[in-house]
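Chemist: Got a predicted structure plus its sequence, pasted below:
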Amino acid sequence: MKIEVLFPEVANLYGDLSNIEYLKKCLNNDVEIIETSLNDEPAFVKQDDINLIFMAGMTEKSQEIVIKKLKPYADRIDELVSKNQPILLLGNAMEILGKFIENEDESQIRAVGLYHFYAHRDMMHRYSGYYLGKHKDIEIVGFKAQFTTTYGNNDECYFSETELGMGINISTKYEGVQKNNLIGTCILGPILILNPLFTKELLKTMGVENPKLAFEEEVMAAYNERLKKFKKMAEKEQKENKKNSKKY
Amino acid sequence: MNNKKSIKFYVALWLAKLSCKVLKLLKRNATSFPGDLAIRICPNFLGILEKPETIIGVTGTNGKTTVSNMINDILTENGYDLVNNKYGSNIDRGITTTLINAANLRGQTKKKLAVLEIDERSANKVYPYLTPKYLICTNIFRDSLMRNGHTEFIADVLDKYIPKETIMVENADDLICSHIAENNKKIYFGIDKLDTDTKDFENKTRDIIVCPKCYSKLEYDYVRYHHIGKAHCPNCDYKTPDADYLATKLDLDNMKMTVKTPTGEEIYTLITNNIINIYNILAVIALLKEFGLSYEQINTSLAKLKIVETRFSDETYNGIRIVTHLAKGMNPIACSRAFDYTRKEPGNKAAIVIVDDLHEEKFGSENTSWQYDTDYEFLNDASIKQVIVAGPRYLDSKVRLLMAGVPNEKIVCKKDEIEATRGLNLDNIDSVFILHDLYSIEETKNIKNTVKQLIDEKGNK
């Protein structure tokens, strides 16, 4: 079992790397973690036996460096996605594979360009919020905190359908991107610890036959508690939205 | 920007002053509303309002309040008449309220000196209107991820808005902090290599790993904690600067600190053995020496100071030491420092960890991502016999402790703080550490009282 963590020296914000620690514990440490630094050639370029490629959120300047680093491998990433390579991108890591990132002054940074999505930065207005949504039949809970918002139609290729919070932007209920086994989501932090059912699914996608979760009882208890709270919040949000729509 | 006093300005000033009086009569908090009202009526109010001749600002992620309080106390004891926002908020509205209180009805200031704690995220709303003569930057670490994002963002905001004329007093041992406002005049403070410094990185997070100029991996000569230490880039000139005020010797047995200053070596009294507060004291010394106070003036007053009890307290009750230590929730570094301090103190310990933001609960659930940037691993120490976690996110805290390797049998986990504290097992325990959030001061008092009751009950048996 191999997991490649891309650029952990810069892609390491918001506790995102804890997801890898959790996977390690779920796999009883029987996993090789390849930490690819900015000065290395990514392992996925030559190796075909990586079970998961993971990249966490990073600062805006780091995004620009990582884009430069990954651009030469755009075709290889595309090939891996078409071969069902599991890839998990958290927070603003997803934006790197998109078309471009737009600054407040409308200047653009060309991204890797694999997808038609683009992101818009608004540094003085940070969005923070809770998230509840459905990925297939699995309820996903999580948090968002971001300077950027993603645009582009993801109706046919979303990661999760939103019940609480926003999708990739305020006008859509569809969150993130999924193409084959590539998942990109604006949700950040310990998503795999917060979402034991999704983690089981991911482990299966990575090739684990009967996945066992570390601290399953405690992780499920925390998940169920949060789910209960977020569902209540979602109901309240929906009622308020209905009330507001009647007003107009 | 037009900074002439207009009718709008006077209306804002008078209404704000009136609101201060009304709020005080109603025994309500008047620390932010009057400033908010003034800014709403007259958006550049803070720019127009006359300000004290000299402003000392204190900013940074951690230690702002402690440093500001120490400067206030020492200057006041040495006869300075000053205005400060000790009881007010540190954002633009709070600072405006403070300065309104120091002004007369014509908007003229009654004071010559101000000591202002300034929130680092509010730089864009404060510095366009106010130029500190000196600005201490204590440190820059990752903080609330919801509000502050990351250190690069905070450093950029400070860089953009700090006035060119301001003399920066910066922590040399913090690579991010020491490179803020590069073109300003700078005074650095730092602590020389300590025996406890290492070559290895022990913390979960380090906010600067690669050189921000050329993206090469930084080389550390030594690491103190997180990104604090001495480092350089192997490929360019980016490095830790030399300190103008360098603590060359920490004598914790005798609670003394030797500081090499531009005018010679001086020995100061230490009022704490906690490294984060030693940095805070050093910042105060550097600032006050530059401001013009003598060694005797500073040291005599410094020796009489105490760290504010809501931040740190230490007492022995019927043979058991009880320490309360601020561990600001959602601030991974503040919590990690508190956990580190706990594990390194002597004897067998129990740790009561109440770091949830209790007020966040009413909005749903706190973003718990910060827990995974925090070194809960430090609580997995042989000397810590029990870890008690409570608060609305108690189930998340338990998972985090398990992830850190703390054995399940050492963990007490309950939603209610007092019920959880009642699970304290005092057998073979020398000290109880209560590590608490900034917004749970009342809860901390109740927990401390419960600990005392349990000590009494044990004594009676």
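Modeler: Perfect, thanks for sending it. These numbers come from a predicted model, not from an experiment.

Chemist: which strands and helices sit next to the worst-scoring helix or strand of chain A on mean pLDDT?
Modeler: Lowest on mean pLDDT, DSSP states H and E among the helices and strands of chain A sits helix A:216-247, with a mean of 88. The helices and strands touching helix A:216-247, judged by 3 or more CB pairs under 8 Å, 6 or more residues apart in numbering or on different chains; DSSP states H and E, are strand A:127-135, strand A:138-146, strand A:160-164, helix A:191-194, helix A:196-205, helix B:394-403. C-beta here means a position set from N, CA and C on the backbone, and glycine is covered the same way.

Chemist: Those: which one's closest to B:Ala243?
Modeler: Distance to B:Ala243, taken as CB to CB, is lowest for strand A:138-146 among the helices and strands packed on helix A:216-247, at 34.8 Å.

Chemist: The closest one and chain B in contact?
Modeler: Yes. Contact of strand A:138-146 with chain B (CB under 8 Å from any CB of the partner chain) involves A:143, A:145.

Chemist: Can you list phi and psi of the closest residue to chain A within the stretch 201-350 of chain B for me?
Modeler: With CB to the nearest CB, the shortest gap between the stretch 201-350 of chain B and chain A falls at B:Ile209, namely 4.3 Å. Phi and psi for B:Ile209, reported as degrees, to the nearest 10, are phi -110, psi -40.

Chemist: what's the neighbour count on the nearest residue to it once chain neighbours are set aside?
Modeler: Spatial nearest neighbour of B:Ile209, chain neighbours left out: A:Glu9 (4.3 Å); criterion: CB to CB, 6 or more residues apart in numbering or on different chains. A:Glu9 has 19 neighbours, counted by other CB atoms under 10 Å in any protein chain shown.

Chemist: A:Glu9: what's it in contact with?
Modeler: A:37-38, B:209-210, B:217 (CB atoms under 8 Å, 6 or more residues apart in numbering or on different chains).

Chemist: now do 10 Å
Modeler: Shown in contact with A:Glu9 (CB atoms under 10 Å, 6 or more residues apart in numbering or on different chains): A:35-39, A:58, A:62, B:206, B:208-210, B:215, B:217-218.

Chemist: State whether B:Glu409 is indeed within a strand.
Modeler: No. B:Glu409 is assigned helix when assessed by DSSP: H, G, I helix; E, B strand; the rest coil, not a strand.

Chemist: Now the residue nearest the centre of chain B: closest residue in space that isn't a chain neighbour?
Modeler: The centroid of chain B falls nearest to B:Gly63 when counting by CA atoms, centre = their mean (2.4 Å). Using CB to CB, 6+ apart and skipping the chain neighbours, the partner closest in space to B:Gly63 is B:Thr138 (4.0 Å).

Chemist: Quick check: the one you found touching B:Ser178?
Modeler: No. At 11.6 Å, B:Thr138 does not count as touching B:Ser178 under the criterion of CB atoms under 10 Å.

Chemist: Give me the common contacts of the two.
Modeler: Counting by CB under 10 Å, 6+ apart, the shared contacts of B:Thr138 and B:Ser178 are B:170-171, B:189.

Chemist: ok, those vs A:Leu27, which is closest?
Modeler: A:Leu27 has its nearest neighbour among those in B:Asn171, at 40.7 Å by CB to CB.

Chemist: For that closest one, give me the pLDDT.
Modeler: pLDDT for B:Asn171: 98.

Chemist: do A:Asn195 as well
Modeler: Listed pLDDT for A:Asn195 reads 98.

Chemist: Count residues in the vicinity of the residue lying closest to it once chain neighbours are set aside, would you?
Modeler: Distance criterion CB to CB, 6+ apart; nearest residue to A:Asn195, sequence neighbours excluded, is A:Ile140 at 5.6 Å. By other CB under 10 Å, 26 other residues sit near A:Ile140.

Chemist: How about A:Lys204?
Modeler: By the criterion of other CB under 10 Å, A:Lys204 has 13 neighbours.

Chemist: Now do the buried residues in stretch B:245-253.
Modeler: B:245-247, B:250 (16 or more other CB atoms under 10 Å in any protein chain shown).

Chemist: Give me every residue in the stretch 351-461 of chain B lying close to chain A.
Modeler: B:361, B:363-374, B:392-405, B:408, B:411, B:413, B:415 (CB under 10 Å from any CB of the partner chain).

Chemist: circling back: what helix or strand does the residue nearest to B:Ile209 sit in?
Modeler: Assessed by DSSP states H and E, A:Glu9 sits outside every helix and strand.

Chemist: what's the answer for B:Ile187, then?
Modeler: Judged by DSSP H and E, B:Ile187 forms part of strand B:186-191.

Chemist: Run me through the strand neighbours of that strand, direction for each.
Modeler: Strand pairing for strand B:186-191, determined by DSSP bridges: strand B:167-171 (parallel), strand B:245-251 (parallel).

Chemist: what residue ranges in the stretch 251-400 of chain B score low on pLDDT?
Modeler: Filtered on pLDDT under 70, the stretch 251-400 of chain B yields the residue ranges B:358-365.

Chemist: swap the cut-off to 90 and go again
Modeler: In the predicted model, the stretch 251-400 of chain B carries pLDDT under 90 at residues B:272-274, B:306-312, B:328-331, B:355-367, B:392.

Chemist: that older thread, for the record, mean pLDDT for the strand holding B:Ile187?
Modeler: Taken as a whole, strand B:186-191 carries a mean pLDDT of 98.

Chemist: Alpha carbons of that strand, as CSV, please.
Modeler: Extracted C-alpha coordinates of strand B:186-191, given in CSV (Å, rounded to 0.1, in the frame of the first residue of the first chain):
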residue,chain,number,x,y,z
LYS,B,186,13.9,47.7,13.4
ILE,B,187,14.8,46.7,16.9
TYR,B,188,15.1,42.9,17.4
PHE,B,189,14.8,40.9,20.6
GLY,B,190,15.7,37.2,20.9
ILE,B,191,17.0,34.5,23.2
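
Chemist: For the stretch 151-300 of chain B, list the residues in contact with chain A, please.
Modeler: B:151-153, B:155-157, B:204-210, B:212, B:215-218.

Chemist: Select only the buried ones of these in PyMOL?
Modeler: Buried residues within these, by 16+ other CB under 10 Å, are selected in PyMOL with:
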select buried, chain B and resi 151+152+153+155+156+157+204+205+206+207+208+209+210+212+215+218
